[in-house]
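Participant: Sequence and predicted structure below; questions after.
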Amino acid sequence: MARASIAFSLLALVLSPSALAGRAASPSPATPGLLSIGAYERTLVQLERGSLTAEGGTLLSGSQKIWVLPTDAAQRVLPALLARGLVRTVEPDRPIELLRASAEPLIGLEYWRTLVGADAATAPGPGKPITVVDTGLDVTHEEFAGRPNTFLLGPQNLTDSDDDFHGSAVSSVAAAPENGLGVLGVYPQAVLRSVDVGDLTVANVIAALGEAMRAGPSVINMSFGLPYTRLLEDTLLTAFRTGSILVAASGNERQERTPAGPPGSLPHVLTVAATGQRNEPASFSTASLGVDLAAPGVDIPGAVPRFFDSSGYYLSMNGTSFSAPIVSGATAWVWTARPTLDNTQIFELMRATATDVADEGFDRDTGFGVLSIPNALASQAPPKDPSEPNDDIRHVRARGLFRAAVSPITAPNRPRTTFRARLDVTEDPEDVYRVYVPPGRTVRITATPDTDVDVEVWKASASSVFLRGSARTRNLLATSGKDGRAAERVSVRNRTKAGFYAYLDVYLPRSGPLDARYTLTVSTVRP
């Protein structure tokens with residue numbers, strides 16, 4: 001990554017590695033190394049096991065075993081740890097660069113409420129929480145002082161710096177109460193959680209996401225951007241696996257024609273572009289295949305600490321930073337109203353029910369369209385997408401990204417299964433499942449798509465579905481890659497006296513469709 005800073009999605013985001021052409025690209029490996037850390041004060045280290053407390057390290061994520069420690073200490077201890085195979089990943093703790101939004105204290109109206117349908121229905125009482133990971137919340141502000149169901153996940157250290165208005169403004173757009181004092185948020189009675197990132201670095205973002213996860217599943221708003229880091233991506237995948245919905249701003253680099261960067265460009269993150277008062281793409285809003293939907297982001301009023309403006313409000317803020325909390329608030333509202341749906345269903349529902357405002361179907365400016373709360377409340381729910389995230393073998397095997405293996409779709413006492421699932425080129429490009437193959441039996445697999453998918457089956461020894469060359473040849477058991485809607489069929493026969501597990505991968509083919517839905521049928525038969 002050439003840039004070593006992180007930018008809030010007010011004026012700029014940065015490019016990240018992404019596989020926008022389906023199977024055409026594989027994830028960049030996170031090889032542990034020391035060459036990249038020397039220019040930074042702190043270093044992020046992911047261990048296989050053990051502790052770095054004695055070396056001055058601080059544990060950021062217990063589940064992911066991510067530590068941060070001074071770089072000079074890291075340079076001393078890492079060679080021995082690497083030699084013993086105790087280190088998964090080494091990355092520099094890059095600083096975040098904040099850029100102010102275009103904002104001024106002018107009288108304005110919350111026109112956006114009508115455009116997204118927030119005034120067409122009554123928001124519910126407290127339910128699914130919104131967690132704002134940002135620069136902190138001004139709890140002395142009249143919008144938040146005494147606000148019910150407001151929780152601070154750690155200290156909120158506000159100063160009069162140029163950037164510390166941001167967290168309060170974002171929180172007010174999502175959840176300012178109906179109190180007759182100022183602005184009204186999307187979901188006024190929402191359970192609101194605030195995590196102050198503090199010194200703005202990747203390590204502190206990871207720690208803040210850990211605080212959010214410890215508080216329980218929620219809609220996590222991220223109105224910032226940063227360079228790609230494998231450890232942050234793993235943390236976001238963990239948040240999704242544990243039941244949260246991740247919402248991120250797409251960025252404000254439209255003029256530079258720069259694609260959306262992390263976290264918005266990463267899989268399983270609901271990425272929000274900005275539109276104006278006529279549902280047109282905002283002049284600054286980043287266009288990308290990673291955009292899922294849009295929400296107003298021009299002339300948005302918000303509450304700010306009084307040391308930024310004596311009125312306590314900016315009434316004309318611009319940026320995808322303020323589009324994202326509109327979607328976060330709406331997502332928590334819809335999830336509260338439809339509590340039986342899981343995070344994969346709500347995620348897809350918010351995209352699928354957006355109002356199409358540009359070219360028919362998906363477009364890079366607004367994704368599937370502008371947020372529609374009434375549509376999301378009334379539309380039929382999509383089916384659950386099982387086992388997510390399951391984009392590679394390490395997501396589903398034991399002691400991979402997660403400690404426990406994902407439950408297999410077939411097992412010794414469950415020889416057959418049928419279910420529906422879906423793929424998306426940016427949000428969910430691969431579906432990897434564990435399949436049990438009994439001794440002396442054959443497992444038959446059929447994937448029937450609505451557009452086009454391909455299928456591969458891998459040995460238990462495979463480390464990834466992106467293997468190439470001789471490693472691919474050694475580990476690949478079966479493959480099927482027909483064109484179009486033809487059903488993909490593969491079989492795996494076990495000629496031994498012991499059962500084994502294999503990895504089934506259903507994926508979008510290179511230069512194929514942007515998304516697909518498919519029915520998967522797996523059965524165990526005598527050969």
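Facilitator: Sure thing, it's come through.

Participant: Next up, the contacts around T150.
Facilitator: By C-beta atoms under 8 Å, 6 or more residues apart in numbering, the contact set of T150 is L137, V139, F144, L192, R193, S194. No exception for glycine: its C-beta is placed from N, CA and C like everyone else's.

Participant: who does D454 bridge with?
Facilitator: When bridges are called by DSSP bridges, D454 pairs up with Y507.

Participant: Check the gap between it and F362 for me.
Facilitator: According to C-beta to C-beta, to the nearest Å, D454 stands 21 Å off from F362.

Participant: swap in T426?
Facilitator: From T426 to F362 the distance is 10 Å (C-beta to C-beta).

Participant: pLDDT weak spots in the protein?
Facilitator: 1-36, 96-109, 255-260 (pLDDT under 70).

Participant: In it, where's the longest helix?
Facilitator: helix 320-337 (DSSP state H).

Participant: contacts for the next helix-or-strand element following it?
Facilitator: Next along the chain after helix 320-337, taking DSSP states H and E as the criterion, comes helix 343-352. Applying C-beta under 8 Å, 6+ apart, the set of residues contacting helix 343-352 from outside is 217, 240, 243-245, 268, 270, 292-293, 327, 330-331, 334-335, 338, 341, 367-368, 371, 376, 379, 381-385, 388, 422, 427.

Participant: Which residues are in contact with V116?
Facilitator: Taking C-beta under 8 Å, 6+ apart as the test, what V116 contacts is V186, A295, P296, I326, A330, V370, L371, S372, I373.

Participant: picking up where we left off before, and the angle for the longest helix of the chain with helix 343-352?
Facilitator: 120 degrees (axes from the mean of the first three to the mean of the last three C-alpha atoms, to 10 degrees).

Participant: how much distance is there from helix 320-337 to the middle of the chain?
Facilitator: 14 Å (C-alpha atoms, centre = their mean, to the nearest Å).

Participant: Please write out the alpha-carbon positions of that helix in PDB.
Facilitator: The C-alpha trace of helix 320-337 is given here as PDB (Å, rounded to 0.1, in the frame of the first residue of the first chain):
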ATOM      1  CA  THR A 320     -20.600  10.100   2.200                       C
ATOM      2  CA  SER A 321     -19.700  10.300   5.900                       C
ATOM      3  CA  PHE A 322     -23.300  11.500   6.400                       C
ATOM      4  CA  SER A 323     -24.900   9.200   3.900                       C
ATOM      5  CA  ALA A 324     -23.600   6.200   5.800                       C
ATOM      6  CA  PRO A 325     -25.400   6.900   9.100                       C
ATOM      7  CA  ILE A 326     -28.700   7.500   7.300                       C
ATOM      8  CA  VAL A 327     -28.400   3.900   6.100                       C
ATOM      9  CA  SER A 328     -27.100   2.700   9.500                       C
ATOM     10  CA  GLY A 329     -30.100   4.200  11.300                       C
ATOM     11  CA  ALA A 330     -32.500   2.900   8.700                       C
ATOM     12  CA  THR A 331     -30.900  -0.600   8.900                       C
ATOM     13  CA  ALA A 332     -31.300  -0.700  12.700                       C
ATOM     14  CA  TRP A 333     -34.900   0.500  12.300                       C
ATOM     15  CA  VAL A 334     -35.800  -2.200   9.800                       C
ATOM     16  CA  TRP A 335     -34.000  -4.900  11.800                       C
ATOM     17  CA  THR A 336     -35.900  -3.900  14.900                       C
ATOM     18  CA  ALA A 337     -39.200  -4.000  13.000                       C
END
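
Participant: Tell me how the chain divides into domains.
Facilitator: Here the domain parsing of the chain from automatic domain parsing is 6-97, 112-378, 393-525.

Participant: Can you tell me which of those domains is packed in deepest?
Facilitator: domain 112-378 (a mean of 23; mean count of other C-beta atoms under 10 Å).

Participant: Give me the neighbour count for Q380.
Facilitator: Neighbourhood size, Q380 [other C-beta atoms under 10 Å]: 8.

Participant: Regarding this structure, what is its longest strand?
Facilitator: Identified as the longest strand of the chain according to DSSP state E is strand 515-525.

Participant: what packs against it?
Facilitator: strand 417-424, strand 430-437, strand 442-449, strand 500-507 (3 or more C-beta pairs under 8 Å, 6 or more residues apart in numbering; DSSP states H and E).

Participant: Could you export these as CSV, including distance to L236?
Facilitator: Shown next, in CSV, are the helices and strands packed on strand 515-525 (distance: least, C-beta to C-beta, whole Å):
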stretch, distance to L236
strand 417-424, 16
strand 430-437, 16
strand 442-449, 27
strand 500-507, 21
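
Participant: Between those, which one is closest to S61.
Facilitator: strand 430-437 (22.9 Å; C-beta to C-beta).

Participant: Can you list the strands that the closest one pairs with?
Facilitator: Going by DSSP bridges, the partners of strand 430-437 are strand 500-507 (antiparallel).

Participant: quick one: M317 and V298, what's the gap?
Facilitator: M317 is 9 Å from V298, by C-beta to C-beta.

Participant: quick one on the thing from earlier: would you mind writing the CA trace of the longest strand of the chain as PDB?
Facilitator: Extracted C-alpha coordinates of strand 515-525, given in PDB (Å, rounded to 0.1, in the frame of the first residue of the first chain):
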ATOM      1  CA  ASP A 515     -24.300 -11.700  -8.800                       C
ATOM      2  CA  ALA A 516     -26.100 -15.100  -8.700                       C
ATOM      3  CA  ARG A 517     -28.500 -17.100  -6.700                       C
ATOM      4  CA  TYR A 518     -28.400 -20.800  -6.700                       C
ATOM      5  CA  THR A 519     -29.900 -23.900  -5.200                       C
ATOM      6  CA  LEU A 520     -27.400 -26.400  -3.800                       C
ATOM      7  CA  THR A 521     -28.200 -30.100  -3.500                       C
ATOM      8  CA  VAL A 522     -25.800 -32.600  -1.900                       C
ATOM      9  CA  SER A 523     -26.600 -36.300  -1.600                       C
ATOM     10  CA  THR A 524     -24.600 -39.400  -0.400                       C
ATOM     11  CA  VAL A 525     -25.100 -42.600  -2.500                       C
END
